[in-house]
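[1] predicted model and sequence follow; I will ask about them next.
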Amino acid sequence: MTSVMFSLFGPRVSNDELLTRGARYALPTVVLTAARILLIVSVFFPYWSMVLEAPQYPDGLGVIAYVNTLSGDVAEVNGLNHYIGMRPLEEAANFERATAVWMVLAMFLLIELAAIVHSRWALLLVLPAMLFPLGFLADLQFWLYHFGQNLDPSAPLSSSVKPFTSPALGVGEIGQFKTVARVETGWWLACASSLLVIAGIFLHRRAYKPLFETAAREREAMRAAA
Amino acid sequence: MRHRVPIFTLSFAMTLGVGASFVFDVPAAAAQDTTKKKRRKEAEIAAVEITPAVAADLQKVATERGLRVEDLTAALKTYLPSGKLDDYIIFSSGGHSGQVFMIGVPSMRLLRSIAVFTPEPWQGYGYGAGQEVLEQGNFGESEVLWGDTHHPALSETGGEYDGQFLFIGDKANARLAVIDLRDMETKQIVKNPLTVSDHGASFVTPDTDYIVEGGQYSTPLGFAYSTVEDYEANYRGMVTLWKFDRKTGRIDPSKSFALELPPYFQDLADAGKKVSDGLIFLNSFCVESVTPGFDIGAVNFEAGCSQRDTDYLHIIDWKKAAQVFAAGGCEMVNGFPVMKMKKAAEEGVLCLAPEPKSPHGVDVTPNGEFIVVAGKLDPHVTVYSNTKIRDAIAKKKFSSSDAYGIPVLDFDAVMEVQVELGLGPLHTQYDNQGYAYTSLFLDSAVARWTLGGEYASKHPEEPWKLVTKTPVQYNIGHLVAAEGDTVSPDGGYLVAMNKWSLDRFFPTGPLLPQNFQLVDIAKSGTTMPVLYDMPIGVGEPHYAQMIKADKLHPWTVYPAVGWNPQTQSPDPNAVKLGEEKVVRDGHNVTVYMTAVRSHFAPDRFELNEGDSVTMHITSQEQSLDATHGFCIGGYNINLSLEPGESATLHFKADKSGVYPFYCTEFCSALHLEMLGYMVVKPSEPAVKVTEASKP
């Protein structure tokens, strides 16, 4: 193994070590696998929703965000938004929605890769999955801000409704509408995945760090001897 | 290392498998959208407690308003707080309004009218759209723009209302209409090719194979001419069996046929059910074959039709008739297959039974065994037995034949019992307690009486006996009980459809509304109070049917944007947002328009006087109740564009000038701003501004 390969992938585990302390090495893999499953499952569930409440909508109007699509009363909400000059919701986060499935797949593969990388680089590999739930909300808030602040000045109600920013979480108010935004099942699954990744990477570090340091010392000694 | 391989392989396989599946599945999963819940907050209703304070309050209101205790109970039984929905829906004939009314029970609130034979602007029926349906009812070249709707019939499966379609007859013009209960719109009108007027329409066979249209005033069939002196030779009655195709939701005239009948005035009908399935019962009056003529001193109809003590109940084996028709047993009259009555009698399709004179309703009991005939001029209802009828036909127990050679069954051989109820029995329906209810026109009352046979054990009283009469106000015609003409009536509610209201409502001028009275029939015995009066100030209804509300599943918006309600499918001419345009081809102009809150696009189009214009207008709305109208003043055009609907209209730009078009259904805060201009350039240069009007 070259020194570059070693510093990237770290040492392999000897059969003796595996036989004596197998659980120690299997555990991070199991936890990270669980994290990966949760991450995949999460994309089948909605991540976020906003309910608009107004007297003439007794059932409310709901917009439901999945990682790659919007559903719910999008057409009706767009219809209402045109009065205040907000662009159709489908025009928001196009890049994110188009690439979301691939990004999740990439995170999934990166966690996979982290399991076989026995060096500190493993942390970098799982970082995207770890930060994904927060990143999702931050991106959402960016688009809410961007859409709310850039209203068409020639819209029918532009004189009465000024640019605004809906909160990504919690209660907002616009015209006769009360908006209630909250995270949904998918986001919570991604969060659980993120926590499992943190736990997994901790167990990973506990298992491989001593091994890595011992191996590094041995390689140092061998190089010195040579 | 060997130890690691299985774990790694397993997780890698999962990567591929799970990864592949979610790449393809996510949009589908998203589209299912299972997270939208009904968010309406149902207020918690605590059990009502009449505390002394509440009682005092109620006492005060009752005293101030002059209410009796039974009024309070009636109010509680019918009052629906805002947002609560009715348990039953009545589809009532709208009489000579040419419409159908939808009424909620027990609140007795008019929910909507359904335009059928008469143009109606709110529904945009006959003012640019809907003509294609109305025109089907033309009388040859002549437009007929009203109807006298008499008897609605809900489609049935196994003798139960299935909530899919409603049929209704037009007595004045012998027409039948089909209403699709998904959008409550009229889809088809068929004009009877044989006769001018009908009465026994519409009644369906238990699985809606056929819709029965019995005629009324005899004429030469197929609109032929014959002087009244040749009445017996050339005038004929008829019954038409219209074949209904449930798949297309249309009557199929090519598979329909009629029976020629003697020139009696056929009246109400009913199809047999269960044990009597396969038979149709059809009343008649004026078997005297009166030929009028005040100028020659002949007796008039009123007196002439009441000379004999009996008229004839027609008994028709429609299943056998269908076989004879299929075997070519019909002759063409005015292009329509008609089975001659001689042939029908020979084939055992048609026979008669005497019935007390001038009957109206003929109503089969839920089990199909008894047929109740209410003779207006006889204080009895006459009950026939299906078993006895079938037996008498099989054993040829005929007492005679009529003047036209139709065999007449022996009255005593087919009659089960006669029950004396009172004056002017007219129409009968049933409940779930073994009772029958008959309207008594002259007594102005609803009679409750007991059925016999298998029903005898369901009620505490003797069979075939009058139990009680509830006075109604006034002159009751038909009555309707909850699912009261099906194989399993629900009981509970009955509505008396009174012809006169006299003093019941504030006087509305010399033309008074009719009075629908809700009667509580839930309790057995003599308790049967009137609960509520509902004025009908639109037309004079006849028959009605009352269906359990949960059997109806109307669309709340059309299934897709660009829907054509006539074809019940997406319209190929529907206009998408952003694809609006005006296309000119010589003098033909086609406007592709969209409507969405709160604008039409295009909001202006220019025509030349004389242009032939086609407009495709598509509502982009998908939201409950977001209906738009579209009218062009001066051009007699008004459409109702319900959410998702696409409509097409044609007109000639025969008047130059500037015509604002606007939305006629208040749709939004900017509804008044939902307008546009149709600018029609004059064919000859006109003086645009007069000298005098210049500043």
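    That came through fine.
[2] is it true that residue A:191 touches residue A:134?
    No: Residue A:191 is beyond contact range of residue A:134, at 9.0 Å (criterion: CB atoms under 8 Å). Backbone N, C-alpha and C define where each C-beta goes, glycine included.
[3] just checking, what's the longest strand in chain B?
    Secondary structure of chain B per DSSP state E: the longest strand is strand B:160-170.
[4] elements contacting that one?
    Under the contact criterion of 3 or more CB pairs under 8 Å, 6 or more residues apart in numbering or on different chains; DSSP states H and E, strand B:160-170 touches strand B:149-157, strand B:175-180, strand B:198-204, strand B:544-548.
[5] deepest in the core, which of those is it.
    Of all these, strand B:198-204 has the most neighbours on average by mean count of other CB atoms under 10 Å in any protein chain shown, namely a mean of 27.
[6] C-terminal to that one, what's the next element?
    Going down the chain from strand B:198-204, the next helix or strand is strand B:210-215, by DSSP states H and E.
[7] who does that following strand pair up with?
    strand B:198-204 (antiparallel), strand B:237-245 (antiparallel) (DSSP bridges).
[8] helix, strand, or coil at the residue minimising distance to the centre of chain A?
    Centroid-nearest residue in chain A, with CA atoms, centre = their mean: residue A:132, separated by 2.0 Å. Assigned state for residue A:132: helix (three-state reduction, DSSP: H, G, I helix; E, B strand; the rest coil).
[9] report the contact partners of it.
    Applying CB atoms under 8 Å, 6 or more residues apart in numbering or on different chains to residue A:132 gives the contacts A:39, A:104, A:107, A:190, A:193-194.
[10] in helices, which of these fall?
    Of these, the ones assigned to helices by DSSP state H are A:39, A:104, A:107, A:190, A:193-194.
[11] within reach of chain B, which of those residues are there?
    Residues of the ones in helices among the contacts of residue A:132 in contact with chain B (CB under 8 Å from any CB of the partner chain): residue A:104.
[12] out of the ones in helices among the contacts of residue A:132, the closest to residue A:98 would be?
    Nearest to residue A:98, judged by CB to CB, of the ones in helices among the contacts of residue A:132 is residue A:104 at 12.6 Å.
[13] more crowded one of residue A:191 and residue A:134?
    Each of residue A:191 and residue A:134 has its neighbours counted (other CB atoms under 10 Å in any protein chain shown); residue A:191 has more, 17 against 12.
[14] helices of chain A, residue ranges please.
    Along chain A, the segments classed as helices by DSSP H run A:3-9, A:15-20, A:22-42, A:74-84, A:94-116, A:121-149, A:185-225.
[15] oh, I was asking about the stretch 301-450 of chain B
    Per DSSP state H, counting those that start in this stretch, the stretch 301-450 of chain B carries helices over the ranges B:301-304, B:318-326, B:341-346, B:386-394, B:411-414.
[16] repeat for the stretch 551-695 of chain B
    With DSSP H, counting those that start in this stretch as the criterion, the stretch 551-695 of chain B has no helices.
[17] taking it, what residue is nearest to chain A?
    residue B:623 (4.6 Å; CB to the nearest CB).
[18] that residue - nearest residue in space that isn't next to it in sequence?
    With CB to CB, 6 or more residues apart in numbering or on different chains as the criterion, residue B:623 has its nearest non-adjacent residue at 4.6 Å, and that residue is residue A:76.
[19] and residue A:162, how many neighbours?
    10.
[20] quick one: mean pLDDT for stretch A:16-25?
    Over the span of stretch A:16-25, the pLDDT mean works out to 87.
[21] again, but for stretch B:637-657
    Average pLDDT, stretch B:637-657: 97.
[22] pLDDT value on residue B:299, please?
    With respect to pLDDT, residue B:299 scores 81.
[23] contacts only, for it.
    B:290, B:292, B:307.
[24] am I right that it is in a helix?
    No: going by three-state DSSP, the assignment for residue B:299 is coil, not a helix.
[25] mean pLDDT per helix and strand in chain A: which one sits at the bottom?
    None of the helices or strands of chain A scores lower by mean pLDDT, DSSP states H and E than helix A:3-9, at a mean of 84.
[26] circling back to that earlier point, which one, of the helices of the stretch 301-450 of chain B, ends up nearest to chain A?
    The nearest among the helices of the stretch 301-450 of chain B, by CB to the nearest CB, is helix B:318-326 at 47.3 Å.
[27] mind listing what's buried in the closest one?
    For helix B:318-326, the neighbour count (16 or more other CB atoms under 10 Å in any protein chain shown) marks B:318, B:320-322, B:324-325 as buried.
[28] show me what it is packed against.
    Going by 3+ CB pairs under 8 Å, 6+ apart, helix B:318-326 lies up against strand B:210-215, strand B:237-245, strand B:257-261, strand B:336-339, helix B:341-346.
[29] give me that answer again for 10 Å
    For helix B:318-326, the packing partners by 3 or more CB pairs under 10 Å, 6 or more residues apart in numbering or on different chains; DSSP states H and E come out as strand B:210-215, strand B:237-245, strand B:257-261, strand B:279-285, strand B:336-339, helix B:341-346.
[30] with adjacent residues omitted, what lies nearest to the closest residue to chain A within the stretch 201-350 of chain B?
    Residue nearest to chain A within the stretch 201-350 of chain B: residue B:249 (28.0 Å; CB to the nearest CB). Using CB to CB, 6+ apart and skipping the chain neighbours, the partner closest in space to residue B:249 is residue B:180 (5.6 Å).
[31] save the buried residues of helix B:318-326 as JSON lines, and put in pLDDT too.
    Formatted as JSON lines, the buried residues of helix B:318-326 follow (pLDDT from 0 to 100):
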{"residue": "B:318", "pLDDT": "98"}
{"residue": "B:320", "pLDDT": "98"}
{"residue": "B:321", "pLDDT": "98"}
{"residue": "B:322", "pLDDT": "98"}
{"residue": "B:324", "pLDDT": "98"}
{"residue": "B:325", "pLDDT": "98"}
